[in-house]
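Chemist: model this:
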Amino acid sequence: MQIRTLAALAGLALCAAGANAQFITGITKPVFSTNQPNAYFVDAAAGSSTFLFDIQTDLGIPATAPGFGGLAGDDANRRFFASVRNGPKDDIYEFSYDNLFSPVKLVETKGSAGQQVAVDGLAYDTLRGVMYATRTLASANEAEGLFTVDLTTGTLTTVLDYATQPGGASAYSIAAIDYDASLDLLFLVDETATGGRWIYSLSPTNIGAGFTPVAQLPANIVDVDGLGAGNGMLLLVTDNASANDGLHWVYDYHAGTFTGIASPYPAPAGTPIAPNPSSGGAFTPNIPAPGVAAAFALAGLAGLRRRR
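Modeler: Sure, this is the predicted structure:
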């Protein structure tokens, strides 16, 4: 396994020709007076992140912790999904690439008995149309594990209980998940020393087989809350400037290498973040560039005015 520098990133082929960005990332704001919950347009090949919008002020989504705790892409259908913490549960929204400033709330997450349950990262299996969520904190409401999410009702269904994996549930802290359609694999990042701090994969056709170790996190990567996966590249979204060498990290599944890229987190209000926020990432290679997204929004507003 190798760790590469930013200079080596230019040769990474992360997306289809002509696409300007590979990922979208978003951060939550656990302390209302600091750290704006921004979303970023990430060109991992160039190692740069460009501000896309403020999740709180530009969107006005009701939340107790404004921001995106989980993100999942569906690039084939020009959309992504985001989870937003709102009390003891999460609200899941759908965003169209062509109108990023008008998200549609789909569901509120809940357990099989109808109880409110919060989730962490999201992943969307674009081949089968299945949404996944992970949960890292067991409680009376729900155990730790991997779930499917019914996007009509919001109901969570357990598909993998982390307690059944080697070491038991206490060996894992998995808040970052995503799905790579090119590999037809789910990926999960564990930051717990007890479990060895691994990136794992799961086959969506045989989740019951459990974790397959992919790569162990290097010692300097210690805070991973979000994950975007696509075309064999995994963007590890890290939100704490005092850890991870102040970088996001990209793992090349085929080459087995980690590459650091500049991170825009934490938001401009300052560091260190206390408490640390959570964050999400998704593979969205054909999402419009920030200027184009704004133009779409303005065109939509103009259309509304004409119809009135």
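
Chemist: Any stretches of the chain with poor pLDDT?
Modeler: Along the chain, segments meeting pLDDT under 70 span 1-21, 30-35, 137-142, 239-243, 266-277, 291-308.

Chemist: how about a cut-off of 80?
Modeler: The chain contains residues with pLDDT under 80 at 1-21, 29-36, 136-143, 239-246, 265-278, 289-308.

Chemist: in it, which spans are helices?
Modeler: 290-307 (DSSP state H).

Chemist: who's Arg79 bridged to?
Modeler: For Arg79, the beta-bridge partners under DSSP bridges are Asp74, Ser96.

Chemist: can you pull the contacts of it?
Modeler: Counting by Cβ atoms under 8 Å, 6 or more residues apart in numbering, Arg79 touches 94-97. No exception for glycine: its C-beta is placed from N, CA and C like everyone else's.

Chemist: residue contacts, Val84?
Modeler: Val84 neighbours (Cβ under 8 Å, 6+ apart): 55, 61, 63, 65-69, 90-93.

Chemist: Of these, which is the nearest to Asp120?
Modeler: Nearest to Asp120, judged by Cβ to Cβ, of the contacts of Val84 is Gly69 at 6.2 Å.

Chemist: Surely that closest one touches Gly281?
Modeler: No: using Cβ atoms under 8 Å, Gly69 is not in contact with Gly281, being 11.2 Å away.

Chemist: between those two, who's got more neighbours?
Modeler: Between Gly69 and Gly281, counted using other Cβ atoms under 10 Å, Gly281 has the larger neighbour count: 33 against 28.

Chemist: Next, the contact list for the more buried one, please.
Modeler: 23-26, 42, 71, 176, 178, 226-228, 235-237.

Chemist: and with 10 Å instead?
Modeler: 23-26, 40, 42, 68, 70-73, 121-122, 176-178, 224-229, 234-238, 248 (Cβ atoms under 10 Å, 6 or more residues apart in numbering).

Chemist: likewise Gly73?
Modeler: Shown in contact with Gly73 (Cβ under 10 Å, 6+ apart): 22-24, 79-81, 95, 97, 122-124, 126, 178-179, 181, 228-230, 281-287.

Chemist: Nearest spatial neighbour of Leu186, chain-adjacent residues omitted?
Modeler: Leaving aside its sequence neighbours, Leu186 sits nearest to Leu202 (Cβ to Cβ, 6 or more residues apart in numbering; 4.3 Å).

Chemist: Over to Tyr253?
Modeler: Here the nearest residue to Tyr253 in space, its sequence neighbours aside, is Gly232; by Cβ to Cβ, 6+ apart that works out to 4.3 Å.

Chemist: And Leu217, by the same measure?
Modeler: Leu217's closest residue in space is Arg197 (Cβ to Cβ, 6+ apart), at 4.4 Å.

Chemist: what's near enough to touch that neighbour?
Modeler: Taking Cβ under 10 Å, 6+ apart as the criterion, Arg197 is in contact with 173, 189-191, 215-219, 221-222, 224.

Chemist: now do Gly196
Modeler: Shown in contact with Gly196 (Cβ under 10 Å, 6+ apart): 166-167, 171-172, 190, 213, 216-217.

Chemist: if you set the cut-off to 8 Å instead, what comes out?
Modeler: Neighbouring residues of Gly196 by Cβ under 8 Å, 6+ apart: 171, 190, 216.

Chemist: if I pick the last one, what's in contact with it?
Modeler: The contact partners of Gln216, taken as Cβ under 8 Å, 6+ apart, are 1, 196-199.

Chemist: now the second one
Modeler: By Cβ under 8 Å, 6+ apart, Asp190 lies in contact with 171-174, 196-200.

Chemist: out of those, which are buried?
Modeler: Buried members of these, scored by 16 or more other Cβ atoms under 10 Å, are 171-174, 197-200.
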